[in-house]
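Asker: Next come a sequence and a model predicted from it.
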Amino acid sequence: MSTISLYLGLVFILLGVLCLSSNFIFLIVRIAQRILGSNSLKIFIFVLFGLLIERIIFLPNWSYEFWRFTTVVILGLEMLSIVFSFITPNFFKKIHQIEKINFFTKSIFLILFVTLGLSYLSVSYIGPIDIPKDCKSDDITKVYCVLDNPEDLVLTPDNSFLIVSEFGSLEETIPGQLSLFNLKSKLAAKIKINIIDKEWGEESCNRKEGDLLGPHGIDLIERDDGRHQLAVVNHAIRESIEMFELVYREGWELDWKGCSAPSKENFLNDVSLKDNGNFFVTHMFDRHIDAIDFLMISLFKYNTGYVLEWQKGKGFSKVKGSEGAMPNGIAYDNSNDTLYIAFNLGDEVKSIEARSGKVLAFNNFRGPDNIILKDNFLWVTSLDHEVLDVGLKCGLETAFCNLPFSIHKVDPATMEIKELKAYQNSIFGLVSVALPVKDRIWLGSFQSDRIASIFIN
């Protein structure tokens, strides 16, 4: 949520509540009477509002943002009322000669202001959305409609394939799958999974042939023993982190090596591995959260989740200082024991010292999702819209939704944004991850029938 939308929303809700007081309404009336009684004051306000409108409409695509459009409309109506007050002064004086305020009038003001305030908080983008009916690339974005909901991506050690988490659902009964995307042929195929033996994870956590897999966040590292370990947040059947060894035989395959299941209260999102096989995973929020809860969290940004650390032989423990509003993406830097955490509903990414929980740096991002730590930079995706915009503009059952998004290249030490790429009316949308590979950035999405890439420069 943009800061301006947040403040405007809170102001209008407060005005609505204050309108339940007759004294407040009479105060507004007296202010209006004083303004109407001074031609010089009316002219000053008219010019001031005109300058504000001019500043807004000269912003790029100003009418695409809800707060900009409604602000121009409200200021424009006020300017018209000032003009009419010069033409018909007696009419406006009679309007403001109110002697009694009844409950019906108060209710009308309450509903009007609170509705407007909630709209600022829940709706952001009102610009045009032209969802392509085909799968054609353009000069900026190359798209390949060979994957469903490619929520997270990692690169294989030979730099030739992406391992893709094809997200199914947060529900335990709706699976997804892990796939390989060939960076040369641009084709995808389900990756082969072998269940051979168990040596990582918890002894009590098991998987058998044919079990459903509901992948979400994934991470791949080269362990300190030289083997390649893939961790997968799984929602199918049970909430767990599944462990695989990535091996090359006739092609890349995954050998299941074990899993770890946290407490039933935990609802996981993303995972980041240590080079010894231990890991960090984000717990988003309570399982029974609903749309109203989402709105309240987005508004007040109170803590809903935290980061868990899993250590072999010790199990799960909460990471100090990791609390926030919907922890989402996470990345761990083994070289300096630093955690980078994206708080999706908190509109923030921060770094903390994993051992102590001390906050090292932070910055604000609108709806940040996954985080990629690569080549000494963080790559952060952000959704430049609100949750309700998806349903209002695209519908909940669309193959994909090309609402605005941004890609940020960030200095991990300071959280300073070094480069920003913002997109409106792209042929991609609902971006969840941005992974740089050579001269391109590969984009994944939690709701899409395609994967995409854009040039880094």
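Answerer: Cool, the structure landed. Numbering: from 1, shown residues only.

Asker: Look at Arg450 and say how many residues are nearby.
Answerer: Using other Cβ atoms under 10 Å, Arg450 has 25 other residues around it. Quick note: C-beta positions are derived from backbone N, CA and C, even for glycine.

Asker: gap between it and Lys318?
Answerer: To Lys318, Arg450 is 37 Å away according to Cβ to Cβ, to the nearest Å.

Asker: Next: Val17.
Answerer: Going from Val17 to Lys318 by Cβ to Cβ gives 37 Å.

Asker: ok, now Gly324?
Answerer: Distance, Gly324 to Lys318, using Cβ to Cβ: 13 Å.

Asker: Pull the contacting residues for Tyr248.
Answerer: With contacts defined as Cβ atoms under 8 Å, 6 or more residues apart in numbering, Tyr248 is in contact with Asp158.

Asker: Show the contacting residues for His216.
Answerer: Contacts for His216 (Cβ under 8 Å, 6+ apart) come out as 151-152, 165, 167, 232-235, 268-270.

Asker: repeat that with 6 Å
Answerer: Neighbour list for His216: Val233 [criterion: Cβ atoms under 6 Å, 6 or more residues apart in numbering].

Asker: Which one's more surrounded, Gly324 and Lys318?
Answerer: For Gly324 versus Lys318, neighbours defined as other Cβ under 10 Å are more numerous around Gly324 (25 against 13).

Asker: mind listing the helices in the stretch 51-200 of the chain by residue range?
Answerer: For the stretch 51-200 of the chain, helices defined by DSSP state H, counting those that start in this stretch occupy the ranges 66-87, 89-95, 103-122.

Asker: Can you list the buried residues in the last one?
Answerer: This means helix 103-122. 106, 109-110, 113-114, 116-122 (16 or more other Cβ atoms under 10 Å).

Asker: ok, the residues you listed vs Ile341, which is closest?
Answerer: Closest approach to Ile341 among the buried residues of helix 103-122 (Cβ to Cβ): Leu121, at 23.9 Å.

Asker: What residue, apart from its backbone neighbours, is nearest the closest one spatially?
Answerer: Closest residue to Leu121 apart from its sequence neighbours, by Cβ to Cβ, 6 or more residues apart in numbering: Gly9 at 3.9 Å.

Asker: Shouldn't the one you found be within a strand?
Answerer: No: membership of Gly9 in a strand is not supported by DSSP: H, G, I helix; E, B strand; the rest coil, which gives helix.

Asker: Next, the contact list for it, please.
Answerer: Neighbour list for Gly9: 117, 120-121 [criterion: Cβ under 6 Å, 6+ apart].

Asker: Now flag whichever of the residues you listed is closest to Ile4.
Answerer: Minimum distance to Ile4 across the contacts of Gly9 is 8.6 Å, recorded for Tyr120 (Cβ to Cβ).

Asker: just checking, the closest one touches Leu10?
Answerer: No: applying Cβ atoms under 6 Å, one finds Tyr120 not in contact with Leu10, separated by 8.4 Å.

Asker: Out of the helices of the stretch 51-200 of the chain, which is closest to Ser204?
Answerer: Of all those, it is helix 103-122 that lies closest to Ser204, at 42.8 Å by Cβ to Cβ.

Asker: Identify all contacting residues around the closest one.
Answerer: 5, 8-9, 12-13, 15-16, 19-20, 67, 295, 299, 386, 388.

Asker: Give me the buried entries from the residues you listed.
Answerer: With neighbours counted by 16+ other Cβ under 10 Å, the contacts of helix 103-122 contain buried members at 5, 8-9, 12-13, 15-16, 19, 67, 295, 299, 386, 388.

Asker: which residues does the most centrally placed residue in the chain contact?
Answerer: Residue closest to the mean C-alpha point of the chain, counted by Cα atoms, centre = their mean, is Gly367 at 2.9 Å. Applying Cβ under 6 Å, 6+ apart to Gly367 gives the contacts 344, 382-383.

Asker: how about low-confidence regions in this structure?
Answerer: 1, 91-100, 396-397 (pLDDT under 70).

Asker: ok, the contacts of Gly9 vs Ser263, which is closest?
Answerer: Taking Cβ to Cβ as the measure, Ser263 lies nearest Leu121 of these, at 32.3 Å.

Asker: If we go by neighbour counts, what in the helix or strand harbouring Phe24 is buried?
Answerer: Assessed by DSSP states H and E, Phe24 sits inside helix 22-36. By neighbour count on 16+ other Cβ under 10 Å, the buried set for helix 22-36 is 24-25, 32, 35-36.

Asker: Reformat the residues you listed as a markdown table; add distance to Pro128.
Answerer: Shown next, in a markdown table, are the buried residues of helix 22-36 (distance: Cβ to Cβ, whole Å):
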| residue | distance to Pro128 |
| --- | --- |
| Phe24 | 39 |
| Ile25 | 39 |
| Ala32 | 37 |
| Ile35 | 38 |
| Leu36 | 40 |
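
Asker: Of those, just say which sits nearest to Ile101.
Answerer: Ranked by distance to Ile101 (Cβ to Cβ), these are led by Ile25 at 5.2 Å.

Asker: ok, Lys192 - contacts?
Answerer: Shown in contact with Lys192 (Cβ under 6 Å, 6+ apart): Glu253.
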